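> The following block contains a protein sequence and its predicted model.
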Amino acid sequence: MTTPQQYDAIVIGSGQGGTPLSQALAQSGMRTALIERKHVGGTCVNEGCTPTKTMVASGRVAYLARRAADYGVHTGPVDISIDLRKVRRRKRDIVDSFRNGSQARIEKTANLDLIFGEASFSGARTVAVRMKDGGQRVLSANYIFINAGTRASRPKLDGLDGVPALDNISIMELDSVPQHLLVLGGGYIGLEFGQLFRRFESRVTIVQSGAQLLTREDPDIAEEVAKILQQDGVEIVLNATAIRVSQAHGEIRLEVQQQGRSTTFAGSHLLVATGRVPNSDTLNLEAAAIQTDARGFIKVNERLETTARGIYALGDIKGGPAFTHISYDDFRILRANLLEKRPASTKGRQVPYAVFIDPQLGRVGLTEVEARAQGRNLRVARLPMTSVARALEVDETRGFMKAIVDAESGQILGAAILGIEGGEIMSALEIAMMGRLPYTALRDGTFAHPTLAESLNSLFTAMDSSR
């Protein structure tokens, strides 16, 4: 048997939580091993936030170029064309820059060993690493942290294994624009790619099993998102359960069931965007007595401790909100508790996020549905983007702003901003929530003119006038 190599700490996965955690541990004097299966940076840098938002930026340029005449700018008779290879090259260059920079910083960190290989538990505090050259290393430590992330799920759909279906990774490696992209799933990934490729001149059909897109959002938000996508030329199909997929004569055929009737959609490409599954199935968690829920997500408490002493999980693999900033906050919680010796937990933390459709959807706190389910006495502020001066000036007036306020205390409970730079406006509201400012502070605040932030005056003044 191989004698385990002893470390003070082992971090499995170099995502947005695992990387800074490994560096903090090493800088505190702990000998630390960071094990990475493929690329430094995790999903965000390699297959998620960084590459997708880079491509979304190209889609917005195409959108604005087509609208140039609306602004009095005439570019001549030349049609817009999309060079997807150039889009892909730009995306790859930015990913490489982020990834290589992160790896270089890791490799310069004293007390930190970066090990490339596939990790799995071989005992309570022992990890076996299958190296890329076929060899194996065995490591042990008193503290082990799991940041192994998730991957695209593959639904049990008749015929799916027999067609070249795309996922969030492979769709970004296409070298030509699909003629007709079928998107299975109406969540964040499906909508972002659906609108992107519509702007790249694909015909796009989004098929959603539920009664609305973005099932976590309030119905009015989801309806407005659907309206915006339809204005862009995206076909939206709701209440449609996929039952079969096949390929014939160069076409992919997706059969769905709608209200007892069968309908078939034919396209050149199929994107499967039906959710994510945890990368826990290859970790041999049983060897370390680490428990998971029914879906395979690792169970943790508010301090991110697993069911095994000395072993923690952070980021997407533990379930809950799957966002980069949540993974990074998990790192901060662990750093506070273990290195700084001050209490920190996940209890009560805000979960802001932005969906990078265009215009953006920024969200934080409770939805109206969630707040009403708690029996709260509410006031709801709404303001169409057509009433926002800055949006009118730049001719980007689609969407609306919405805030949920506790009627007794005046505290802002949540907000959804569907509009130009919606994520940035949402962040201003989140800061007010963090500081427990009443809505009146924003209603009466002095903001620079003309900015999007000053729309918060109007949003909460409109709520007052609706009494």
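Arrived safely. Residues are numbered from 1 along each chain as shown.

> What's the per-residue pLDDT of Met385 here?
Per-residue pLDDT puts Met385 at 98.

> I'd guessed it sits against Ala391; true?
Yes: if you go by Cβ atoms under 8 Å, Met385 and Ala391 touch, sitting 4.6 Å apart. No exception for glycine: its C-beta is placed from N, CA and C like everyone else's.

> Please enumerate the shared neighbours of these two.
Overlap of the contact sets of Met385 and Ala391 (by Cβ atoms under 8 Å, 6 or more residues apart in numbering) consists of 397, 419-420.

> So which of these wins on neighbours?
Neighbour tally across the shared contacts of Met385 and Ala391 (other Cβ atoms under 10 Å): the maximum, 28 neighbours, falls on Gly419.

> Bridged to that one, which residues?
Gln360 (DSSP bridges).

> Does it touch Thr386 like I think?
No: using Cβ under 8 Å, Gly419 is not in contact with Thr386; the gap is 9.9 Å.

> For the residue nearest the centre of the chain, which non-adjacent residue is spatially closest?
By Cα atoms, centre = their mean, the chain has its centre lying nearest to Phe323, at 5.0 Å. Nearest non-adjacent residue to Phe323, counting by Cβ to Cβ, 6 or more residues apart in numbering: Tyr353, 5.3 Å away.

> try Ile326
According to Cβ to Cβ, 6+ apart, the nearest residue to Ile326 is Val351 (6.6 Å).

> count of neighbours near that neighbour?
Number of residues near Val351 (other Cβ under 10 Å) recorded here: 15.

> Next one: Ser97 from Gly42, what distance?
Noted for Ser97: a distance of 16 Å to Gly42, by Cβ to Cβ, to the nearest Å.

> one step back: name the SS class of the residue nearest to Ile326, please.
coil (DSSP: H, G, I helix; E, B strand; the rest coil).

> Thought Phe323 was touching it, still the case?
Yes: at 7.2 Å, Val351 counts as touching Phe323 under the criterion of Cβ under 8 Å.

> Give the residue spans of the protein that score low on pLDDT.
1, 77-78, 465-467 (pLDDT under 70).

> What residue spans form the domains of it?
As recorded under automatic domain parsing, the domains making up the chain are 5-152+277-339, 160-274, 359-465.

> tell me what the lengthiest strand in the chain is packed against?
For the chain, the strand with the greatest residue count under DSSP state E is strand 112-123. Packed against strand 112-123, as judged by 3 or more Cβ pairs under 8 Å, 6 or more residues apart in numbering; DSSP states H and E, are the following elements: helix 18-27, strand 32-36, helix 84-107, strand 126-131, strand 136-140.

> do you know which of the ones you listed lies nearest Ile146?
helix 18-27 (8.4 Å; Cβ to Cβ).

> re earlier: tell me which of the domains of the chain approaches Lys347 most closely.
domain 5-152+277-339 (5.0 Å).

> before we move on, the earlier item: in CSV, list the shared contacts of Met385 and Ala391 along with distance to Val380.
What follows is the shared contacts of Met385 and Ala391, written out as CSV (distance: Cβ to Cβ, whole Å):
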residue, distance to Val380
Thr397, 21
Gly419, 17
Ile420, 22
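
> Closest one of those to Tyr188?
Gly419 (17.1 Å).

> Next, the contact list for that closest one, please.
By Cβ under 8 Å, 6+ apart, the residues touching Gly419 are 359-360, 385, 388, 391, 396, 398-401, 425.

> Now with 10 Å, please.
By Cβ atoms under 10 Å, 6 or more residues apart in numbering, the contact set of Gly419 is 224, 359-362, 383-386, 388, 390-391, 396-401, 425-426, 452, 455.
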